[in-house]
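A.B. asks: quick one: sequence and predicted model below, then my questions.
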Amino acid sequence: MKPALPLHTHPVFIIGAGGIVNAAHLPAYQLAGFSVQGIYDLSYEKAAATAASFNIPQVFHSLEAMLAAAPEGVIYDVAVPGSAMLSVLEQLPAGARALLQKPMGENLQQAQQILALTRAKQMLAAVNFQLRYAPYILAAKDMMQRGEIGALNDVEINVNVYTPWRLWDFLYTAERVEILYHSIHYIDLVRNLLGNPVSVFAKTVKHPAMAQLASVRSNIIMDYGDLVRANILTNHCHHFGNEQQHAYIKLEGDKGAIKIDFGALINYPHGVGDRFYYTVANGNGYTEWKELPVEGTWFPHAFTGSMAQLMVAAETGARPDNSVEDCIDTMACVEAAYAASQQGGLPLRNFQNF
Ligand SMILES: NC(=O)c1ccc[n+]([C@@H]2O[C@H](COP(=O)([O-])OP(=O)(O)OC[C@H]3O[C@@H](n4cnc5c(N)ncnc54)[C@H](O)[C@@H]3O)[C@@H](O)[C@H]2O)c1
C-alpha cells in the first residue's frame, strides 16, 4: 500500500508557495523524508513564510536566482496556477526534471504547448495527478491486482459537498472551474484504472448562488463501451450542513466491490476520516461487507506518490506513470467533457413528432 519510493535523495526546488504547497506538498515530503532545498514565489513574503514553517534553507527573490543556484539532479516542483505553468516551464533549463501541479495548463491547447515544450527541452516531466496514489486507491489497486474483485466493470465517483471556492481567488477569473480544477482528478483516476475511454459525455452547470464562477457542478460519463460504466457526479453547492454530504469512489468487479468514502471534501476544509469498505462475493449470491483500515489519506499522503514517481523515473530512466505524455490524455478527456457539455444532448423536440 506504499507508493514506489526512490532509492536516493533528490534535492527539490519548489516554485510557488501557495495553499497546496503548504497544505499538502511539504507535509507529504516531510513524511517521506524528501529533501526540499529551496523555494521561490512571486511573493517573497509567502516564500519566506513557507520556508520558515518547513525549514527550507534557501528562499529566492527571482526564478533566475533559483536556477543559478540549482544543485545537480534538482527536481523542480512547480505549483503555480495553470495559467502561469507554461511561462515558468519556458524558463527552466533543457533536461530539467519537473513535477507540474495539475491542471496541465488551462485547456488542451495549453496542455499541448506544455507537452511540446517538455519534449523540445527533453525534460523529465510529470503531472501532479496524485489521487492515483492516495493510500486508499493504492489499497484498491492492490486488491484488484490480486484479482479479489475480478474484472472491473463499474466505476462511480459521487460527490455532494459544499466547496468554498472563495479560497482560490484565481478561480473567479477562470473560464473553467469544476471539471478543470476538481473532477479532473476523478477523470484521471478513471483513466488510470480503465485506460482511455472511447468518448466522453458531460453536462456541467453553474449554480445560482455562485453565479460569478464558471460551472461548478458536473455529470460526466466516460464511455467504455457496452459492458463497463464509468460515471462522475459532482455537486459542490450542497449548502445544507454536513449531515447529508457524501463523497465516494465505488468500484465493482465481477467478483466483488469496493466503496471508499473519502473524507477530505466533507465539511471542507476540515474533512472527516476515510472509510474503505469491500466485499468479495462467494459465488452463491452471499456478500459480506468488511472494512479495511487504511493508513494515510489523499491530502497530504498521496502527494508522496506523484513526486516519488518522478524521482524513481530519474533513477531508472523509465517514464513516470504520471508523465506529461500520459496526462495529456486526461486533458483531452477534460476538453471532450466541456465540448460535450456545450454541444448538449439530443433535443427533446426531435422525439416529439406525435
Ligand atoms: N490536489 C491538487 O493537486 C491541488 C489542490 C489544490 C490546488 N492545486 C493546484 O495548485 C495550483 C496552485 O494552487 P494553490 O491552491 O496553491 O493556489 P494559491 O493561489 O494559494 O497559490 C499559488 C501561488 O503561486 C504563486 N505564483 C503564481 N505565479 C507564479 C510564478 N510565475 N512564479 C512563482 N510563483 C507564482 C502565487 O504568488 C501564489 O503564492 C493550482 O493550479 C491548483 O489547481 C492542486
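C.D. replies: Yep, that arrived.

A.B. asks: ok, the closest residue to the ligand within the stretch 151-300 of the chain - contacts?
C.D. replies: The stretch 151-300 of the chain approaches the ligand most closely through residue 181 (5.1 Å), counting by CB to the nearest ligand atom. C-betas here are computed from N, CA, C, even on glycine. Counting by CB atoms under 8 Å, 6 or more residues apart in numbering, residue 181 makes contact with 103, 168, 171, 174.

A.B. asks: all strands for this structure, in order.
C.D. replies: Using DSSP state E, the strands of the chain run over 11-15, 35-40, 58-60, 75-78, 97-100, 124-127, 152-160, 199-205, 217-223, 229-235, 246-253, 256-261, 275-280, 289-291.

A.B. asks: who's the closest residue to residue 39 other than its chain neighbours bridged to?
C.D. replies: Excluding the flanking residues, the one nearest residue 39 by CB to CB, 6 or more residues apart in numbering is residue 14, at 4.5 Å. With DSSP bridges as the criterion, residue 14 is bridged to residue 39, residue 77.

A.B. asks: for residue 209, see how far away residue 14 is.
C.D. replies: Distance, residue 14 to residue 209, by CB to CB, to the nearest Å: 35 Å.

A.B. asks: relative to the ligand, which residue of this structure is the closest?
C.D. replies: For the chain, CB to the nearest ligand atom, closest residue to the ligand: residue 18, 1.8 Å.

A.B. asks: what's the local residue count around that residue?
C.D. replies: For residue 18, the count of nearby residues is 19 (other CB atoms under 10 Å).

A.B. asks: phi and psi next, for it.
C.D. replies: Dihedral angles of residue 18 (phi, psi; degrees, to the nearest 10) stand at phi -90, psi -160.

A.B. asks: OK, contacts around it?
C.D. replies: Contacts of residue 18 (CB under 8 Å, 6+ apart): 41, 46, 79-80.

A.B. asks: for the stretch 101-250 of the chain, what spans make up the helices?
C.D. replies: 108-120, 135-145, 178, 184-194 (DSSP state H, counting those that start in this stretch).

A.B. asks: just those helices: most buried one?
C.D. replies: Of these, the one with the most neighbours on average (mean count of other CB atoms under 10 Å) is helix 178, at a mean of 27.

A.B. asks: which residues touch it?
C.D. replies: 204, 214-218, 234, 236.

A.B. asks: what would those residues look like in JSON lines with pLDDT, neighbour count and distance to the ligand?
C.D. replies: Below are the contacts of helix 178 laid out as JSON lines (pLDDT from 0 to 100; neighbours: other CB atoms under 10 Å; distance: CB to the nearest ligand atom, whole Å):
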{"residue": "204", "pLDDT": "98", "neighbour count": "23", "distance to the ligand": "17"}
{"residue": "214", "pLDDT": "97", "neighbour count": "20", "distance to the ligand": "14"}
{"residue": "215", "pLDDT": "98", "neighbour count": "19", "distance to the ligand": "16"}
{"residue": "216", "pLDDT": "98", "neighbour count": "24", "distance to the ligand": "15"}
{"residue": "217", "pLDDT": "98", "neighbour count": "21", "distance to the ligand": "18"}
{"residue": "218", "pLDDT": "98", "neighbour count": "25", "distance to the ligand": "16"}
{"residue": "234", "pLDDT": "98", "neighbour count": "24", "distance to the ligand": "14"}
{"residue": "236", "pLDDT": "97", "neighbour count": "24", "distance to the ligand": "14"}
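
A.B. asks: since that was my last question, I'll sign off now.
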